[in-house]
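In: Can you look at this prediction? I've put the sequence above it.
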Amino acid sequence: MFSFFVFLLPPSFTERNPNHHYFVAKRGAASLKGPDNPGDGSFLWEWKPHSGQEIQQMVTFQKKYWRSWNAEWSEYFIKNKLYQWIDRDRDTINLRIENPTFKFSGLFTLFQTQPSKKLLKQHEIFGVQVESSPQWPPLGSDVTLSCTISRLSDTVSLHWKQRDSSQLNRRKTDQIRINNTVYLTVKHVPGEDARLYVCEVKENGFITLTVKVDFSISQYLHNIKYTLYRSSTNHSELDLICGVISEYNKTKWTWSSRYFQKQEKEIASTYKSQPINVKRADFGDRLVPTETNANGTNFRVRIVPVLFEDAGVYTCSLGTSKMVTITLITVKVTAEPSDAVSEGDTVNLTCSVSDVTESMTLAWISSDGKTVVEKTLNGQNGEEKSLRLIIQKAERGSRNWTCVLFHQRTPKIFIPHYLKVNMRARTFPDIWIITVSGYLFVKLGFAVGLIFSLKRMDRMSKTGNSHKMTGNEEAVQLKTLNSDIDLRS
């Protein structure tokens with residue numbers, strides 16, 4: 001059974017914008033306060049939804065007399081019955097939203113409209129919602145948890161974490177952010193019910209909202225069918241769990257390859273309290289039992305690592321009765337060239353899926369969580385079950401892209417690919433061009449400096465001659481003065 005609950009940390013322990021409000025659908029309240037003393041005139045609350053809808057006017061306040069305000073609700077407010085969630089605080093122009101739904105996320109702005117229009121206050125409400133797919137996963141299957149925020153600003157982050165370190169050590173999980181949602185995939189969910197996972201919302205690195213998700217596992221393993229998705233990577237694992245063992249009837253796991261679906265091969269079998277017999281013809285040492293004898297309630301074997309060719313149908317049978325049927329779909333990523341590349345090179349990344357049983361979507365996601373390219377697969381004959389991403393002029397440094405396989409808009413498997421880009425080695429022509437260019441640059445600089453020096457010397461020479469002529473003229477004038485008796489007297 002799927003459920004969630006929320007708690008907010010005390011405001012004294014967080015450093016966040018006091019006008020930012022975070023809520024989970026149909027829980028909590030948000031108080032939208034204006035100035036303590038707004039003064040006289042008319043005041044208007046507007047709402048800009050995070051969904052991208054146009055701005056809506058909510059309510060206009062007009063002061064009637066001392067400490068009394070007349071509220072005129074908009075036609076939009078009344079038509080959409082928003083009064084079920086939004087009300088005014090008595091004798092103020094403040095608004096209060098009770099148990100808001102996700103659609104109330106957005107920016108609420110208070111304006112003074114008379115005597116002149118002026119922005120007074122802004123409040124932003126962030127909605128957070130969590131979901132589980134499926135809501136009642138069978139024992140040994142995978143479950144995907146999603147945590148979505150209405151708008152993901154630069155100062156806000158969200159991520160999944162397990163409640164305690166002991167869970168972290170026992171359970172294998174993968175998470176990825178796509179746009180405003182963080183997905184967590186819990187692989188091979190255990191038999192215990194109390195598996196608690198937490199979505200944390202942080203603003204400026206401080207926790208503002210925590211949503212705990214608890215889901216229950218279906219222990220009933222009779223004629224159960226489900227699909228698992230695994231990557232063809234070194235760390236990928238496939239656990240085959242069957243919950244029934246008999247002392248009299250043989251319990252066995254069989255495999256039908258997707259390439260030879262009519263050939264069902266037995267890969268492991270046992271009787272209760274008897275050694276587990278493993279046949280390694282197809283999987284070699286990658287197929288291992290988790291225990292020597294089947295003494296417990298589960299008959300479990302493991303394939304590690306999973307290869308792309310391991311796709312197919314795995315069936316656990318007790319005698320002639322089928323207990324568990326698992327369809328395994330594998331996904332792989334290949335790169336051309338496969339080794340480290342140099343900056344400026346073109347790289348082709350191809351994401352391939354082994355089989356398409358129903359409508360699926362392949363997508364390449366960039367390191368910032370944005371979808372670069374996607375392709376819907378419908379399982380038609382002759383359909384290419386792959387998606388290529390062409391990276392033009394690879395940049396220096398490490399970048400990563402992630403291939404994601406979606407089923408019914410839920411990511412089932414994601415494979416990150418880290419691309420190592422080195423600095424391109426200089427060839428002899430490049431070195432020759434750089435050397436000659438440097439030599440010519442130095443020569444040009446020397447020539448320009450020489451020209452400026454010659455011009456400066458020429459200016460100095462002309463200035464010296466001018467001063468010399470001036471001295472001679474003064475000597476002639478002095479001599480004339482001394483020889484003229486009238487002038488001297």
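Out: Yep, it's here.
In: can you tell me the helix or strand for the residue nearest the centre of the chain?
Out: The centroid of the chain falls nearest to R177 when counting by CA atoms, centre = their mean (2.5 Å). Taking DSSP states H and E as the criterion, R177 maps to strand 173-178.
In: so what's the closest residue to Q122 other than its chain neighbours up against?
Out: Leaving aside its chain neighbours, Q122 sits nearest to T109 (5.0 Å; criterion: CB to CB, 6 or more residues apart in numbering). In this view, the C-beta of every residue, glycine as well, is placed from N, C-alpha and C. By CB atoms under 8 Å, 6 or more residues apart in numbering, the contact set of T109 is W45, E46, W47, K48, L119, K121, Q122.
In: repeat for W253
Out: Here W253 is in contact with L240, C242, E266, I267, A268, S269, F299, V301, Y314, T315, C316 (CB under 8 Å, 6+ apart).
In: 10 Å - rerun?
Out: W253 is in contact with 240-242, 265-270, 276, 278-279, 287, 299-301, 314-317, 324, 326, counting by CB atoms under 10 Å, 6 or more residues apart in numbering.
In: and the strand holding R177, which strands flank it?
Out: Strand 173-178 has the following strand partners under DSSP bridges: strand 181-186 (antiparallel).
In: would you put the C-alpha positions of the partner strand in PDB?
Out: Provided in PDB are the C-alpha atoms of strand 181-186 (Å, rounded to 0.1, in the frame of the first residue of the first chain):
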ATOM      1  CA  THR A 181      11.400  15.600 -11.300                       C
ATOM      2  CA  VAL A 182      13.800  13.300  -9.500                       C
ATOM      3  CA  TYR A 183      13.200   9.600 -10.000                       C
ATOM      4  CA  LEU A 184      14.500   6.900  -7.700                       C
ATOM      5  CA  THR A 185      14.400   3.200  -8.900                       C
ATOM      6  CA  VAL A 186      14.600   0.600  -6.100                       C
END
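In: how far does it sit from the chain's center?
Out: Relative to its parent chain, strand 181-186 has a centroid offset of 10 Å by CA atoms, centre = their mean, to the nearest Å.
In: Could you give the separation of the helix or strand just after that strand from the chain centroid?
Out: Counting by DSSP H and E, the next helix or strand C-terminal to strand 181-186 is strand 195-203. Strand 195-203 sits 15 Å away from the centroid of its parent chain (CA atoms, centre = their mean).
In: CA atoms only: put strand 195-203 into CSV for me.
Out: Extracted C-alpha coordinates of strand 195-203, given in CSV (Å, rounded to 0.1, in the frame of the first residue of the first chain):
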residue,chain,number,x,y,z
ARG,A,195,11.1,0.4,3.4
LEU,A,196,11.1,4.2,3.9
TYR,A,197,12.5,6.6,1.3
VAL,A,198,12.7,10.3,1.7
CYS,A,199,12.5,13.2,-0.8
GLU,A,200,14.2,16.3,0.4
VAL,A,201,13.7,19.8,-0.9
LYS,A,202,16.5,22.2,-0.2
GLU,A,203,16.8,25.9,-0.7
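In: returning to that earlier point: report the buried members of the contacts of W253.
Out: Burial by neighbour count, 16 or more other CB atoms under 10 Å: within the contacts of W253 this picks out 240-242, 267-270, 276, 278, 287, 299-301, 314-317, 324, 326.
In: List the buried residues in whichever strand or helix holds A335.
Out: Using DSSP H and E, A335 maps to strand 321-336. Buried residues in strand 321-336, counted by 16+ other CB under 10 Å: M323, V324, T325, I326, T327, L328, I329, T330, V331, K332, V333, A335.
In: what's the answer for stretch 130-141, then?
Out: So stretch 130-141, judged by 16+ other CB under 10 Å, has buried residues V130, E131, S132, S133, P137, P138, L139, G140, S141.
In: Cross these against strands and list the overlap.
Out: Among those, the ones falling in strands (DSSP state E) are V130, E131, S132, S133.
In: can you redo the residues you listed as TSV with pLDDT and distance to K202?
Out: Shown next, in TSV, are those (pLDDT from 0 to 100; distance: CB to CB, whole Å):
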residue	pLDDT	distance to K202
V130	91	16
E131	89	20
S132	88	22
S133	87	24
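In: would you list those residues in a markdown table and tack on distance to W73?
Out: Putting these into a markdown table (distance: CB to CB, whole Å) gives the following:
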| residue | distance to W73 |
| --- | --- |
| V130 | 32 |
| E131 | 33 |
| S132 | 38 |
| S133 | 39 |
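In: and which of those is nearest F406?
Out: Of all those, F406 sits closest to S133, with 11.2 Å by CB to CB.
In: check contacts around that closest one.
Out: Contacts of S133 by CB under 10 Å, 6+ apart are 2, 142-146, 183, 185, 407-412.
In: which among those end up buried?
Out: Among the contacts of S133, the ones that count as buried by 16+ other CB under 10 Å are F2, D142, V143, T144, L145, S146, Y183, T185, H407, P411, K412.
In: Redo those as CSV? Include pLDDT and distance to Y76.
Out: Shown next, in CSV, are these (pLDDT from 0 to 100; distance: CB to CB, whole Å):
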residue, pLDDT, distance to Y76
F2, 39, 34
D142, 93, 43
V143, 91, 40
T144, 93, 37
L145, 93, 35
S146, 94, 31
Y183, 95, 35
T185, 92, 41
H407, 93, 38
P411, 94, 36
K412, 94, 40
